[in-house]
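Chemist: when you get a sec, could you give me coordinates for this:
(2 chains)
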Amino acid sequence: GENVEQHPSTLSVQEGDSAVIKCTYSDSASNYFPWYKQELGKRPQLIIDIRSNVGEKKDQRIAVTLNKTAKHFSLHITETQPEDSAVYFCAASRGNYQLIWGAGTKLIIKP
Amino acid sequence: EAGVTQFPSHSVIEKGQTVTLRCDPISGHDNLYWYRRVMGKEIKFLLHFVKESKQDESGMPNNRFLAERTGGTYSTLKVQPAELEDSGVYFCASSQVTGAGELFFGEGSRLTVL
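Modeler: As a prediction, this is how the structure comes out:
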């Protein structure tokens, strides 16, 4: 079946450094790629998403890049801060509700 | 505006018992989804309601799981009888539109089956 692989499972970076999380998807018909952030004990929340008609999207310190040929997309967080510590989930869909999720990345920001 | 609420936040039951999870979506959201995350693994789709109708229940693991959405408002997910492998966090999400767009999640119901 369709799947999304997410790496790494855990990422530890020094405060102020950049963090990159990568996802690879198998369904070439996928055209919508959201990223959700789940802080400890809280609900997952959408932080950024990208559609297949663009290659990159930025929102302040967060950016997502998409390579349709290679079928992978990445989340980039610059100038990391303690509040960036959370579990990040990537997902892919064909533009419908049926999201296929990655297994999550636990991001740890070291002071 | 109230977000998606789920109850209970944590339930511990023995194998063979029954548990019912409840989700109250954001008011006005016709779309309601149930997902499950087994520890450390990906979030998996269980089913999707549009109002009171089941649009897609292809992710439901087996007939021990029963979901309902009374009057198109809140939804319940019943597991009967529970098995060890049912342990995990059950998320509910809602959205205004059907299709690619933001999902509003609840905080999840953690189910532990002993």
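Chemist: quick one: mean pLDDT over stretch B:95-112.
Modeler: Averaged across stretch B:95-112, pLDDT comes to 91.
Chemist: compute the first-to-last residue distance for that stretch.
Modeler: With Cα to Cα, to the nearest Å as the measure, the ends of stretch B:95-112 fall 28 Å from one another.
Chemist: ok, now how distant is A:Glu15 from chain B?
Modeler: Counting by Cβ to the nearest Cβ, to the nearest Å, the gap between A:Glu15 and chain B amounts to 26 Å. Yep, even glycine has a C-beta here, placed from its N, CA and C like the rest.
Chemist: what is the burial count for that residue?
Modeler: Using other Cβ atoms under 10 Å in any protein chain shown, A:Glu15 is surrounded by 13 other residues.
Chemist: tell me who's in contact with the nearest residue to B:Phe65 once chain neighbours are set aside.
Modeler: Spatial nearest neighbour of B:Phe65, chain neighbours left out: B:Val79 (5.8 Å); criterion: Cβ to Cβ, 6 or more residues apart in numbering or on different chains. When contacts are counted by Cβ atoms under 8 Å, 6 or more residues apart in numbering or on different chains, B:Val79 is found next to B:Thr18, B:Val19, B:Thr20, B:Leu21, B:Arg64, B:Phe65, B:Asp86, B:Leu111.
Chemist: run the last query once more with 6 Å
Modeler: The neighbourhood of B:Val79, defined by Cβ atoms under 6 Å, 6 or more residues apart in numbering or on different chains, consists of B:Val19, B:Arg64, B:Phe65, B:Asp86.
Chemist: try A:Cys90
Modeler: A:Gln6, A:Cys23, A:Trp35, A:Gly102.
Chemist: give me the phi and psi for the last one.
Modeler: Phi and psi for A:Gly102, reported as degrees, to the nearest 10, are phi -80, psi 170.
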